[in-house]
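Novice: Provided below are the primary sequence and the corresponding predicted coordinates.
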Amino acid sequence: MKYQGIIFDLDGVISHTDQFHFKSWKTIADELGAPFDEEINHQLRGVSREESLEIILQSYAKELPRSKAYYTEKKNQEYRRLLSAMTPEDLEPEVKTTLDILRQKGYKMAVGSSSKNARLILEKLGLANFFEVVVDGNDIEQSKPHPEVFLKACERLGIAPQQCLVIEDAKAGIESAIAANMDCASFGDAARHPRANYHLKRITDLLEVLKEKEQ
Ligand code: B16
Ligand code: MG
């Protein structure tokens, strides 16, 4: 088997929390009167909360009325308010099926996320104890596209980077996997990314990719 371990991004791959990020950053941008649309939101995928604010402020020419910490904290409060309504019903059946099949096949599985809310989201989705390893925004010094998150995950899985496959929906995440010397399958927003090794239209396509590599 070429791959022993699969490292999943969380936001945009396992969960649809990307919509919640968009809504909560929109609240902040509206308060500031800063421009914010899907195009800007696209650039926030996979990067930390603080770096997300910096990206939003690139098109904001005025002086900030309050501290940056005030806006990141307020965004997080709104985001967590939206997360609180999540239940295991919000886990897409295709994602659940794919995870269950991979576990049956004996793959080691991890989550590699920039989010400091990753454990809360996994709990909400009924996946608190599913993954062998969870590395999230609390465990890393440098967010994607730095390779730290994926290198830590593979180290904790006890396998080499070349034996890992990363599943990502963000440009920053794909760059992170490449910098970690890992193969990468792109999905969702970044599905057509030219530097990904595989392109997944649906998450279940991952099973086909791996079947070929199991020979
Ligand atoms: P938080 P991922 C990332 O999660 C999100 O894609 C990104 O939009 C967010 O800014 C980042 O987590 C930090 O999230 O504010 O909850 O700590 O895609 O790496 O799973
Ligand atoms: Mg993501």
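Specialist: Now that the structure is in, tell me what you want to look at. Bear in mind the structure is a predicted one, so any value in this text is a computation, not a measurement. Ligands and ions are numbered 1, 2, ... in the order given.
Novice: CA only for contacts and neighbour counts going forward, please
Specialist: Fine.
Novice: mind listing the strands for the protein?
Specialist: For the chain, the strands defined by DSSP state E occupy 5-8, 108-112, 133-135, 164-168, 183-187, 198-200.
Novice: if I pick the residue in the chain positioned nearest to ligand 2, what's in contact with it?
Specialist: Among all residues of the chain, residue 11 sits closest to ligand 2, at 4.1 Å; criterion: Cα to the ion. For residue 11, the residues meeting the contact criterion (Cα atoms under 8 Å, 6 or more residues apart in numbering) are 17-18, 46, 113.
Novice: go again with 10 Å.
Specialist: Contact criterion Cα atoms under 10 Å, 6 or more residues apart in numbering gives 17-21, 45-46, 112-115, 118, 121, 168-170 as the residues in contact with residue 11.
Novice: can you check residue 44 too?
Specialist: Applying Cα under 10 Å, 6+ apart, one finds that residue 44 lies in contact with 18, 21-22, 25, 38, 51-56, 170-172.
Novice: this protein against ligand 2: which residues are in contact?
Specialist: The chain comes close to ligand 2 at residues 11-12, 46, 169, as judged by Cα under 5 Å from the ion.
Novice: show me the protein divided up by domain.
Specialist: Residue ranges for the domains of the chain, per automatic domain parsing: 5-16+87-214, 18-83.
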